[in-house]
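Trainee: predicted coordinates and the sequence they were generated for:
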Amino acid sequence: MDETEPVMMRATCRTDPDVCPVSGQTFTVPMHPNAAPPIFRAQCDQCGQLVTDLVPV
Ligand SMILES: [Zn+2]
């Protein structure tokens, strides 16, 4: 097991609001950095698209 410390990230889904009910809403979530790029990778729970707007808290 390779345990890494989670990092708090502010994730905002930028999908079209007609498609995603949480588009434009920012969620602060703990994320585990990946060993290889992309270091942080998130998927929107609502629309299933990759969240490209990730900002370290
Ligand atoms: Zn979304």
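Mentor: Yep, it's here.

Trainee: make it CA atoms for all contacts and neighbour counts henceforth
Mentor: OK.

Trainee: need the phi and psi values for Ala36.
Mentor: phi -130, psi 150 (degrees, to the nearest 10).

Trainee: how many neighbours does it have?
Mentor: Neighbour count of Ala36, defined by other CA atoms under 10 Å: 7.

Trainee: residue contacts, the residue lying closest to Glu5 once chain neighbours are set aside?
Mentor: Closest residue in space to Glu5, ignoring its immediate chain neighbours: His32 at 6.5 Å, by CA to CA, 6 or more residues apart in numbering. His32 is in contact with 4-7, 40, counting by CA atoms under 8 Å, 6 or more residues apart in numbering.

Trainee: among those, which are located in helices?
Mentor: With helices taken from DSSP state H, there is no overlap with the contacts of His32.

Trainee: nearest to the ion, of those residues?
Mentor: Phe40 (16.5 Å; CA to the ion).

Trainee: can you give me the strands for this protein?
Mentor: 7-12, 26-31, 53-56 (DSSP state E).

Trainee: residues touching the last one, excluding its own?
Mentor: It refers to strand 53-56. Against strand 53-56 from outside (CA under 8 Å, 6+ apart): 7-14, 40.

Trainee: the residue nearest to Glu5 and Glu3, how far apart?
Mentor: Distance, His32 to Glu3, by CA to CA, to the nearest Å: 9 Å.

Trainee: swap in Pro33?
Mentor: On the measure of CA to CA, Pro33 and Glu3 end up 10 Å apart.

Trainee: do Val29 as well
Mentor: 17 Å.

Trainee: of these two, who's got more company?
Mentor: Taking other CA under 10 Å, Val29 and Glu3 do not tie; Val29 has more neighbours (16 against 6).

Trainee: show me the contacts for the more buried one.
Mentor: Per CA under 8 Å, 6+ apart, neighbours of Val29: 8-11.

Trainee: near the ion, which residues of this structure?
Mentor: Residues of the chain found near the ion (CA under 5 Å from the ion) are 13, 20, 44, 46-47.

Trainee: pipe these into a markdown table and attach pLDDT per row.
Mentor: Output for these, formatted as a markdown table (pLDDT from 0 to 100):
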| residue | pLDDT |
| --- | --- |
| Cys13 | 97 |
| Cys20 | 97 |
| Cys44 | 96 |
| Gln46 | 96 |
| Cys47 | 97 |
